[in-house]
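Chemist: A structural model of the following input is requested.
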Amino acid sequence: MRVLVTGSTGYLGSALLFHLKDTEYKVKITSRKRPQDWQQLDWVYSDLVSGEGLEDAVKDVDVIIHAATSPMKNIKKVEIEGLGNLLSKLQHIQHFIYPSIVGIEEIPWKYYHLKLEAEELLSKSTVPYTIARATQFHGFVENLLLSKPFFNRYVIPGRWKVQSVDVHEFAMHLIDLVDIGPQERVEDYGGPEIMTIREMAEVKINTKKEENLVFDVSLPGRISKAFVEGKNTNINIQKGKVTFEQFLRNK
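Modeler: Residues are numbered from 1 along each chain as shown. I've put the predicted structure just below:
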């Protein structure tokens with residue numbers, strides 16, 4: 001079986017390639033830039049937004065794991081127009097796996113609204129698909145909120161709740177779906193713990209033996225309120241085993 005990974009230079013895409021290389025699948029990757037760490041894999045240039053190279057990218061492919069995403073810039077062009085361009089080339093595909101995010105209906109952030117719109121676009125297409133939602137990745141939370149202390153202080157929205165998950169565990173979950181076949185929507189996948197950002201900061205300080213302090217800020221608005229209420233978490237879901245502390249120790 002031939003598996004194509006889009007977004008192969010991204011955080012999730014890189015984790016997918018790390019685990020796919022040890023499988024019996026014939027792995028093909030596509031992106032605008034060739035990943036330097038995966039020279040041994042079959043790479044094809046493509047651009048989701050312009051559509052350039054997509055026909056070559058999907059040629060002779062059975063399954064696609066669509067890890068390409070752009071949460072910060074050209075969001076609609078990548079998430080909606082790019083997905084539409086890709087779906088228009090997939091008359092022969094047996095299974096299209098779409099990673100998404102837990103709680104996107106509940107959080108009024110543009111990127112999340114577009115992820116939900118992309119799910120709807122996929123569900124209305126003729127392509128056999130599986131939507132697999134995950135909570136935020138450990139590395140994403142750390143890089144966004146806990147990577148740059150300000151004068152030895154983590155200035156953070158301390159009451160936000162997160163159920164962060166290890167990207168490698170979610171990548172393996174997606175790979176498991178390849179053989180299962182199209183499911184439309186599978187159970188959400190999340191981390192083993194629901195923590196506040198303040199608790200996560202304290203875990204990092206203790207684990208890394210840092211001297212940083214924690215300074216909470218209360219952010220206004222509906223987006224912040226949704227994270228405080230834990231709309232991005234789901235206690236009744238399939239859970240990974242790697243905690244945030246274990247993630248930090250393994251870095």
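Chemist: all helices for the stretch 101-250 of the chain, in order.
Modeler: Along the stretch 101-250 of the chain, the segments classed as helices by DSSP state H, counting those that start in this stretch run 110-123, 138-145, 167-180, 197-207, 222-228, 244-250.
Chemist: Could you export these to a markdown table, including columns for distance to Ser50 and mean pLDDT?
Modeler: (C-beta placed from N, C-alpha, C; glycine too.) Listed next are the helices of the stretch 101-250 of the chain as a markdown table, based on distance: least, CB to CB, whole Å; pLDDT from 0 to 100:
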| stretch | distance to Ser50 | mean pLDDT |
| --- | --- | --- |
| helix 110-123 | 18 | 97 |
| helix 138-145 | 27 | 94 |
| helix 167-180 | 26 | 97 |
| helix 197-207 | 38 | 97 |
| helix 222-228 | 31 | 98 |
| helix 244-250 | 36 | 97 |
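Chemist: so which of those comes closest to Ser31?
Modeler: helix 167-180 (16.2 Å; CB to CB).
Chemist: Next, the angle from that closest one to helix 138-145.
Modeler: 140 degrees (axes from the mean of the first three to the mean of the last three CA atoms, to 10 degrees).
Chemist: helices and strands around helix 167-180, which ones?
Modeler: Counting contacts by 3 or more CB pairs under 8 Å, 6 or more residues apart in numbering; DSSP states H and E, helix 167-180 packs against helix 11-20, strand 63-66, strand 95-101, strand 129-134, strand 189-190.
Chemist: For Thr23, find the nearest of the helices of the stretch 101-250 of the chain.
Modeler: With distances scored as CB to CB, the stretch of those nearest to Thr23 is helix 167-180 (6.9 Å).
Chemist: And the contacts of that closest one?
Modeler: The contact list for helix 167-180, computed with CB atoms under 8 Å, 6 or more residues apart in numbering, reads 1, 3, 11-12, 15-16, 18-20, 23, 25, 63, 65, 95, 97, 99, 130, 132, 134, 137-139, 183, 186, 189, 238, 240-242.
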